[in-house]
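Visitor: Following is a predicted model, sequence given first.
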There are 2 protein chains.
Amino acid sequence: MNNFDFYCPTKIVFGKGSIAQLNDLINEAVGKGKRVLMIYGGGSIKKNGVYDQVKAAIKDHKLFEFSGVEPNPTYETCMKAVKMVKQKRINFLLAVGGGSTLDATKFIAAASKYKRWKDPYNIVSRSLPVKKAIPLGSVMTLPATGSEMNCASVISRTSTQEKHAFRDPKVFPKFSIVDPQTTYTLPIEQVRNGIIDTYTHVMEQYATCDVNTPLQDSWALGLIKTLLQEAPKVLANNEDYEAKANICWCATCGLNYWLSVGCIQDWSTHRIGHEITAFYGLSHGQSLAVILPRLWQARKQDKAQKLAKLAREVYGCQEADDLKAADCAIGKTEEFFNSLGMKTKLADYGVDSKEAAQRVKERFEERRTLLGEDEKVTPDMIYDILMNC
Amino acid sequence: MNNFDFYCPTKIVFGKGSIAQLNDLINEAVGKGKRVLMIYGGGSIKKNGVYDQVKAAIKDHKLFEFSGVEPNPTYETCMKAVKMVKQKRINFLLAVGGGSTLDATKFIAAASKYKRWKDPYNIVSRSLPVKKAIPLGSVMTLPATGSEMNCASVISRTSTQEKHAFRDPKVFPKFSIVDPQTTYTLPIEQVRNGIIDTYTHVMEQYATCDVNTPLQDSWALGLIKTLLQEAPKVLANNEDYEAKANICWCATCGLNYWLSVGCIQDWSTHRIGHEITAFYGLSHGQSLAVILPRLWQARKQDKAQKLAKLAREVYGCQEADDLKAADCAIGKTEEFFNSLGMKTKLADYGVDSKEAAQRVKERFEERRTLLGEDEKVTPDMIYDILMNC
């Protein structure tokens, strides 16, 4: 096991009816009488009743609203919210929605306190440390990104077609409320995307090289088993509370980094996927479903041991040879994605793989970035991977 | 899954050489220039070099020392430290040692800020909320209690032969350093006790009634599998770094409550075990090893589903009948304890089971306390359980 630090001070309040605790949670985090900016997306929270629940819950604070955060939230939209934060002298941010809303809120929290003469985009593009941020909390309505229990955020920039992630302890939510009932009205595409996002988060932490972490491995595989077991239930019935609760908790644990302390992580599927989203507008889940199986195919030699363990312990594969078992893991994973109704080829989304391969390859060449747990994923390998997508 | 809150703001710094980060960690937690009281036990930290490492690491603070915390730390000893805290105007506490030292430090942190005219023993005996506490951190040298990543503490009172637990968020360590190398010099009894303590922590969270928590269950069973796999390695070689690291991380995760969010917990083995320790001086691990199998025997009907799952998933039991599979889990658990060299009968420790049964029964009768996840463990059942121990 490698040396590690672990720190996650976010309070999770999970379960039926938990939005009612919102007022007390804000009081506990920052005291009474704050100027709270509620940040949300396109208005789905007005249809599913969450907006009303939030408004009804908040009693001791003055509430302002900023709506219009898009999926793959943009720097441009966030900067409008930053302007409002300054104008209205906001001192607490409340994200209400899915991972995009919360990611945007984390960036807004940091950018609002950024030095006036500097470009806050540095926080994402150059991963500069955040010195100050406005405190924030969340009401999470979409199990997917795990953003509710980590300090990571992914922001896109429309003007340059870029998508970058940053991570900073200053933007941990003080609390996150997860009520599985708020997910009952999600469109099936979002349920599916969320499950694939969670699957990929776990695998980017697990399917790397083995540094003797049996506990972490068993947890990663236990999470995947739970996903395989619960996913068909939520697809069959969007209001199956127990299955939804299990899927929600899997999503949170998929990226609170409990699974991967002391492990070597990968994240190349996400990095390549971000480019596909930035260039072609595939949803985050779609981009991952396309890339993960092909990336594994290209990296099979290096990932054989962990992929074989996945095949044997989760998919019941009896194959003694690691490379053959790894093939089984790749096949079964793609089969699972397809079983959710997710397409796993770029052509399925009207994207020409050769063009995509060329554009993404050039981008990583410009950035001089190597990906993967061992930095073996070169621009040329990315080209080959995308040609096979 | 039941509704739950989860909160754990302790920073874990894990791995080889991590004590060197101590000074920075204190600075990060409370700033420079503090009056730090280092609290430790009987001096084993002087033999294994940890004392010197701590002294060498601390640069920006004035260091004071309080030694003599005993296993099953007593209220009486803690109150001596409280006196010193007040006299020396201490503003940070640093526990260096095992769970007993840290448990004592948590109590000292709370008792030092307790209202002057009230008896701090109320914090443990009546579980009164802690309003203020001195901030604390730890250097953990014994994988067992999980105290390094929770806000729980168990304190004994010599004068009344009592042992009580309390839990309060005000006594979370700001940080805990876990360097598996510090455990190389542990006597084998302590290694064994620690493994059994961890096993029992996990089982008191898992082996209750099933409320549909497949992820949490898989993690609990993954932890038990890891213990079974790594325990023989550390017993064979006290300096096997990889195995020690895995055992240390299992111990921390065994009681940071990651395993049991949304689950129903038990803790009756611990509660009965505390009385056996208070009356007869068995170590905590010994008391658990004696009680857990016999308590499961008595509660087999109610715990059958979870015990059967343990038997099948961890011990490879093929028995289709839940009650028969539960018997397998009980037998295999006792076999595992014995394989570590742990005796599992009261008579092995020179304790008369009839006398113990009578004394402990009377104590729970006086307290009018029912134990167990369903409060079905009556004083009469405790009597029967101890008669079979």
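Guide: Arrived safely.

Visitor: Would you verify that residue A:330 is located in a strand?
Guide: No: secondary structure of residue A:330 (DSSP: H, G, I helix; E, B strand; the rest coil): helix, not part of a strand.

Visitor: Tell me the residues of the stretch 251-389 of chain A that contact chain B?
Guide: When proximity is defined as Cβ under 8 Å from any Cβ of the partner chain, the stretch 251-389 of chain A approaches chain B at A:253, A:258, A:261, A:262. Every C-beta, even on glycine, is put in place using the N, C-alpha and C of the backbone.

Visitor: so who does the last one touch?
Guide: It stands for residue A:262. The neighbourhood of residue A:262, defined by Cβ atoms under 8 Å, 6 or more residues apart in numbering or on different chains, consists of A:1, A:2, A:3, A:4, A:211, A:213, A:216, B:14, B:15, B:245, B:249.

Visitor: how about a cut-off of 10 Å?
Guide: A:1-4, A:6, A:211-213, A:215-216, B:14-15, B:245-246, B:249 (Cβ atoms under 10 Å, 6 or more residues apart in numbering or on different chains).

Visitor: Report the contact partners of the residue nearest to residue A:234 when sequence neighbours are not counted.
Guide: Excluding the flanking residues, the one nearest residue A:234 by Cβ to Cβ, 6 or more residues apart in numbering or on different chains is residue A:243, at 4.9 Å. Applying Cβ under 10 Å, 6+ apart to residue A:243 gives the contacts A:180, A:229, A:230, A:231, A:232, A:233, A:234, A:235, A:236, A:237, B:212, B:214.

Visitor: Apart from its chain neighbours, what residue comes closest to the last one?
Guide: In this structure, residue B:214 finds its nearest non-sequential neighbour in residue A:226, 4.8 Å apart by Cβ to Cβ, 6+ apart.

Visitor: So which elements touch the helix or strand hosting the one you found?
Guide: Following DSSP states H and E, one finds residue A:226 within helix A:214-236. Packed against helix A:214-236 by the contact rule (3 or more Cβ pairs under 10 Å, 6 or more residues apart in numbering or on different chains; DSSP states H and E) you find helix A:188-206, helix A:241-254, helix A:300-313, helix A:322-339, helix B:214-236, helix B:241-254.

Visitor: which of the residues in the fifth one are buried?
Guide: Residues B:214-228, B:230-231, B:234-235 are the ones in helix B:214-236 that count as buried (16 or more other Cβ atoms under 10 Å in any protein chain shown).

Visitor: With the third one instead?
Guide: Along helix A:300-313, the positions that meet the burial threshold by neighbour count (16+ other Cβ under 10 Å) are A:300, A:302, A:303, A:304, A:306, A:307, A:308, A:309, A:310, A:311, A:312.

Visitor: Let me see the mean pLDDT of stretch A:130-140.
Guide: For stretch A:130-140, mean pLDDT is 96.

Visitor: what's the answer for stretch A:2-9, then?
Guide: Across stretch A:2-9, pLDDT averages out at 98.

Visitor: Please write out the alpha-carbon positions of stretch A:142-155 in PDB.
Guide: The C-alpha trace of stretch A:142-155 is given here as PDB (Å, rounded to 0.1, in the frame of the first residue of the first chain):
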ATOM      1  CA  LEU A 142     -28.800  12.900  -9.200                       C
ATOM      2  CA  PRO A 143     -26.700  10.000  -8.200                       C
ATOM      3  CA  ALA A 144     -23.700  10.100 -10.500                       C
ATOM      4  CA  THR A 145     -20.700  12.300 -10.000                       C
ATOM      5  CA  GLY A 146     -19.900  11.800  -6.300                       C
ATOM      6  CA  SER A 147     -19.400  15.600  -6.200                       C
ATOM      7  CA  GLU A 148     -21.400  15.700  -3.000                       C
ATOM      8  CA  MET A 149     -18.600  14.200  -1.000                       C
ATOM      9  CA  ASN A 150     -15.400  15.400  -2.600                       C
ATOM     10  CA  CYS A 151     -13.600  18.700  -3.400                       C
ATOM     11  CA  ALA A 152     -13.400  18.100  -7.100                       C
ATOM     12  CA  SER A 153     -15.100  20.000  -9.900                       C
ATOM     13  CA  VAL A 154     -15.100  19.900 -13.700                       C
ATOM     14  CA  ILE A 155     -15.600  23.100 -15.600                       C
END
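
Visitor: ok so, going back, next one: the residue nearest to residue A:234 from residue A:371, what distance?
Guide: The spacing between residue A:243 and residue A:371, counted by Cβ to Cβ, to the nearest Å, is 34 Å.

Visitor: now residue A:65
Guide: 39 Å.

Visitor: neighbour count winner among the two?
Guide: residue A:371 (21 against 15; other Cβ atoms under 10 Å in any protein chain shown).

Visitor: Can you name the residue of the stretch 251-389 of chain A nearest to chain B?
Guide: residue A:258 (6.0 Å; Cβ to the nearest Cβ).

Visitor: what about that residue, neighbour count?
Guide: For residue A:258, using other Cβ under 10 Å, the count is 21.

Visitor: Show the pLDDT at the nearest residue to it once chain neighbours are set aside.
Guide: The spatially closest residue to residue A:258, leaving aside those adjacent along the chain, is residue B:258, at 6.0 Å (Cβ to Cβ, 6+ apart). Note for residue B:258: predicted pLDDT of 97.

Visitor: Likewise for residue A:125?
Guide: pLDDT, residue A:125: 86.

Visitor: what about it, distance to residue A:166?
Guide: 9 Å.

Visitor: Correct me if wrong: residue A:160 contacts residue A:279.
Guide: No: in this structure residue A:160 lies outside contact range of residue A:279 using Cβ atoms under 10 Å: 11.3 Å.

Visitor: between the two, which one's more packed in?
Guide: residue A:279 (17 against 11).

Visitor: quick one: the more buried one and residue A:163 touch, right?
Guide: Yes: Residue A:279 is within contact range of residue A:163, at 9.4 Å (criterion: Cβ under 10 Å).

Visitor: quick one: low-confidence ranges for chain A?
Guide: Scanning chain A with the threshold set as pLDDT under 70 gives A:116.

Visitor: Give me the domain ranges for it.
Guide: A:11-182, A:188-387 (automatic domain parsing).

Visitor: Can you check which of those gets nearest to residue B:92?
Guide: Closest approach to residue B:92 among the domains of chain A (Cβ to Cβ): domain A:11-182, 20.7 Å.

Visitor: now the closest one, how far from the centre of its chain.
Guide: Relative to its parent chain, domain A:11-182 has a centroid offset of 14 Å by Cα atoms, centre = their mean, to the nearest Å.

Visitor: residue contacts, residue A:129?
Guide: A:110, A:123, A:166, A:168, A:169, A:170.

Visitor: Now the second one. Its backbone dihedrals?
Guide: Reported as degrees, to the nearest 10, the phi and psi values for residue A:123 are phi -60, psi -40.

Visitor: Great, nothing more from me.
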